[in-house]
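J.: can you look at this prediction? I've put the sequence above it.
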Amino acid sequence: MAWEWVAPVAASASGVVGVVFTWLAGAQSRAHAEKMVRASREAERQARLTQERREAYFAALRVLDLERRRAKYKNQGKAEKLQQIETYWTKGKRIEMTTDALNALYAFGSAEVQHRATEWSAAVEEGDHEVMREVVAQFREQMRSELQGG
C-alpha cells in the first residue's frame with residue numbers, strides 16, 4: 001500500500017515533462033521561423049535596393065556618355081556629329097534624362113557616386129572635357145566596385 005502512489009506520480013511527472021518539452025520545442029520552432037522570415041525580408045530588401053542602384057547607375061552612365069560625346073564633338077568642331085546627337089536627343093530629352101538620373105543617384109547612389117555627380121556637374125559647367133572623361137572613368141570604377149563587390 002505504501003508504494004501505490006509511485007506509479008501515478010511518475011506518470012503525471014513524465015506527462016508534465018512531456019508537455020514542457022513540447023511547448024519548448026514549439027517556442028524554439030516559432031523563434032526560428034521568425035528569424036528566417038526576417039532574414040528573407042532583409043535579403044529581398046537588399047536585392048531590391050541593389051537593383052534600384054544598378055538602374056540608377058546605368059541611367060547616369062547614359063547621361064554621362066551622351067554629354068561627354070556632345071562636349072567632345074563641340075571641342076573638336078565636329079558640327080555634323082553634334083547636330084546628329086542634338087537632333088535625336090533634343091534639349092528637352094536631355095534635361096529629362098539628366099533629372100531622372102540625378103534623382104535616382106541621390107535616392108539610391110552611394111555618397112561616393114553622389115560626389116562624382118557633383119564633380120561632373122562642375123566639369124560640364126566649365127566645359128572641361130578632360131575632367132569629364134576622368135569623372136566618367138572614376139564613376140565606372142566606383143560603379144563596378146559597388147555592384148560587383150557588394
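T.: Arrived safely. Residues are numbered from 1 along each chain as shown.
J.: tell me which other helices or strands the top helix by length along the chain touches.
T.: In the chain, taking DSSP state H as the definition, the longest helix is helix 6-76. Contacts defined by 3 or more CB pairs under 8 Å, 6 or more residues apart in numbering; DSSP states H and E place helix 6-76 against helix 79-88, helix 91-108, helix 111-126, helix 129-149. The C-beta positions use only the backbone N, C-alpha and C, and glycine is treated the same way.
J.: return the distance of the second one from the chain's centre.
T.: When C-alpha coordinates are averaged (CA atoms, centre = their mean, to the nearest Å), helix 91-108 and its chain have centres 17 Å apart.
J.: any idea of the mean pLDDT for that helix?
T.: With pLDDT averaged residue by residue, helix 91-108 scores 90.
J.: look at the residue positioned nearest the centre of the chain and report its pLDDT.
T.: In the chain, the C-alpha nearest the mean C-alpha coordinate belongs to Thr50, at 2.5 Å (CA atoms, centre = their mean). For Thr50, the model assigns a pLDDT of 88.
J.: surely Glu112 and Phe139 touch.
T.: No. Applying CB atoms under 8 Å, one finds Glu112 not in contact with Phe139, separated by 9.2 Å.
J.: who's more crowded, these two?
T.: With neighbours defined as other CB atoms under 10 Å, Glu112 and Phe139 compare such that Phe139 has more, 23 against 14.
J.: my guess is that one contacts Leu64, does it?
T.: Yes. Counting by CB under 8 Å, Phe139 touches Leu64, with 6.5 Å between them.
J.: shared neighbours of the two, anything?
T.: With contacts defined as CB atoms under 8 Å, 6 or more residues apart in numbering, the residues shared by Phe139 and Leu64 are Trp120.
J.: find the nearest non-adjacent residue to Met132, please.
T.: Distances taken as CB to CB, 6 or more residues apart in numbering place Ala123 nearest to Met132, at 4.6 Å, with adjacent residues excluded.
J.: the one you found: neighbour count?
T.: For Ala123, the neighbour count with other CB under 10 Å is 21.
J.: Trp89 contacts Leu66, correct?
T.: Yes. Using CB under 8 Å, Trp89 is in contact with Leu66, at 6.0 Å.
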